[in-house]
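Undergrad: Structure for the following, please:
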Amino acid sequence: MGVLFGCSGSSSSSAGNADSTIATDSGAAPSTSAPATDQSASQPATPATEPPAPANVTPQEEASAPSAPKTEVTTQQFYDELSPYGKWVNYPEQGYVWQPTSAGQDFQPYSTNGHWVYSNEGWTWASDYKWGWAAFHYGSWFHEAKYGWLWKPGTEWAPAQVTWGQSGNYYGWAPLEPNVRADARWTPPATTWNFVPKQNIDRPDVVKYVVNKNTNTTIVKNVTVINNITNNNRTTVVNNNNNKTVVNNNKTVNNNKVVVKNNTTVIGNKNTVYNKGPQVNEVEKVTNKKITQVNINDDNKPGQTTVRNNKLVIYRPVVRDDPKAKKPAPRNAEQAPKRGK
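TA: Got it, this is the predicted structure:
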């Protein structure tokens, strides 16, 4: 793949469980990572077969673990795979961020060209974009007047990197901004919320039911955050013999350090924090129908997310930073002006 670059990921801590009225939290840390030159676009891949557990993983651990990616990559793959669909911008205080120029001027994350699916990990955004596996499940989005929506890479995977809320007869969601955790008491800007009547949340054409942005300010006044937070301690285990990977929940390994035992590499411990969204039993009441849960299966190559046979197939590799990577100035990235200019 060439030179590998690192990029800052999200932080983690314990999370709440009850609904609460939203308050403000903000802030962003600098990033110095650099994207590589453009690469050719990826094509959707055939779903991969779920790997068996390594020899040192018990059947109980395997049964309780979610489907796991076979691939371990660095954030360099984001730069390589997303370059054909947009441009990278060196943005003040954020480092290298990505603008999806192929998505059109009316693009809004978690609204354009996708829908919600209830999976074994919670409400999951199924994007129709070939790059959606990355930009809607890792990292975070923020809006800038000159560029529109920009995506900052991150290393933690989630069903969706959003805040969930409800207001009267509406469910709403808004993209998490950089360095805002899913369990933070934070007020998204009114124009970044997407609200739909509750009975339409599971529709494949949900975008048609998003209320006019001019109405958002009225709905936001009465919104409460849905704090259906998951905080899983996950340990990634890679069997060096067959390059298979399995993720185990609630297991700490050697103080998060990488260890090798019985030819198996343990890549530390991550706190995966995300908001699972509305409780499915509540959605079933308002929609007056049974919500079918799909299981997430891992694809072996980047490409479009697919939903079929009660399975959501998506590429979700283990992403890590590479502290030893070189960071030369990229030739294809634009330099954003400093704020206020």
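
Undergrad: low pLDDT regions in the protein?
TA: Flagging of the chain using pLDDT under 70 yields the residue ranges 1-70, 232-271, 322-341.

Undergrad: Pull the number of nearby residues for residue 204.
TA: As a burial measure, residue 204 scores 12 neighbours (other Cβ atoms under 10 Å). Where you see a C-beta, it was placed from the backbone N, CA and C, and this is true even at glycine.

Undergrad: Can you check my assumption that it lies in a helix?
TA: No - per DSSP: H, G, I helix; E, B strand; the rest coil, residue 204 lies outside any helix segment and is coil.

Undergrad: can you give me the strands for the stretch 101-250 of the chain?
TA: Ranges of strands in the stretch 101-250 of the chain, per DSSP state E, counting those that start in this stretch, are 114-119, 122-127, 140-144, 148-152, 162-167, 170-175, 194-197, 224-225, 229-239, 244-249.

Undergrad: Quick one: closest of those strands to residue 210.
TA: Counting by Cβ to Cβ, residue 210 lies closest to strand 194-197 out of the strands of the stretch 101-250 of the chain; the figure is 5.0 Å.

Undergrad: for that closest one, packing partners?
TA: Judged by 3 or more Cβ pairs under 8 Å, 6 or more residues apart in numbering; DSSP states H and E, the packing partners of strand 194-197 are strand 170-175, helix 213-220.

Undergrad: Listing partners with orientation, what would you give for it?
TA: The strands beside strand 194-197 in its sheet (DSSP bridges) come out as strand 170-175 (antiparallel).

Undergrad: got the contact list for the strand it pairs with?
TA: 109-110, 140-142, 160-166, 188-189, 192-198, 201, 211, 219, 223, 277-278 (Cβ atoms under 8 Å, 6 or more residues apart in numbering).

Undergrad: out of these, which are buried?
TA: Neighbour counting by 16 or more other Cβ atoms under 10 Å classes 109-110, 140-142, 160-166, 188, 192-196, 198, 201, 211, 219, 223, 277-278 among the contacts of strand 170-175 as buried.

Undergrad: What residues does the closest residue to residue 159 other than its chain neighbours make contact with?
TA: Distances taken as Cβ to Cβ, 6 or more residues apart in numbering place residue 124 nearest to residue 159, at 3.8 Å, with adjacent residues excluded. If you count contacts by Cβ under 8 Å, 6+ apart, residue 124 has them with 116-118, 159-160, 296, 312.

Undergrad: before we move on, what about residue 168?
TA: Listed by Cβ under 8 Å, 6+ apart, the contact partners of residue 168 are 219, 222.

Undergrad: Tell me the spacing between it and residue 195.
TA: 9 Å (Cβ to Cβ, to the nearest Å).

Undergrad: What ranges does the protein have for its helices?
TA: Applying DSSP state H to the chain gives helices spanning 59-64, 76-82, 132-135, 213-220, 280-287.

Undergrad: can you tell me which of those comes nearest to residue 302?
TA: Evaluated with Cβ to Cβ, the helices of the chain place helix 76-82 nearest to residue 302, the distance being 5.0 Å.

Undergrad: packing partners for that closest one?
TA: strand 95-99, helix 132-135.

Undergrad: Was I right to think residue 321 contacts residue 73?
TA: No - with contact defined as Cβ atoms under 8 Å, residue 321 does not reach residue 73; the gap is 11.0 Å.
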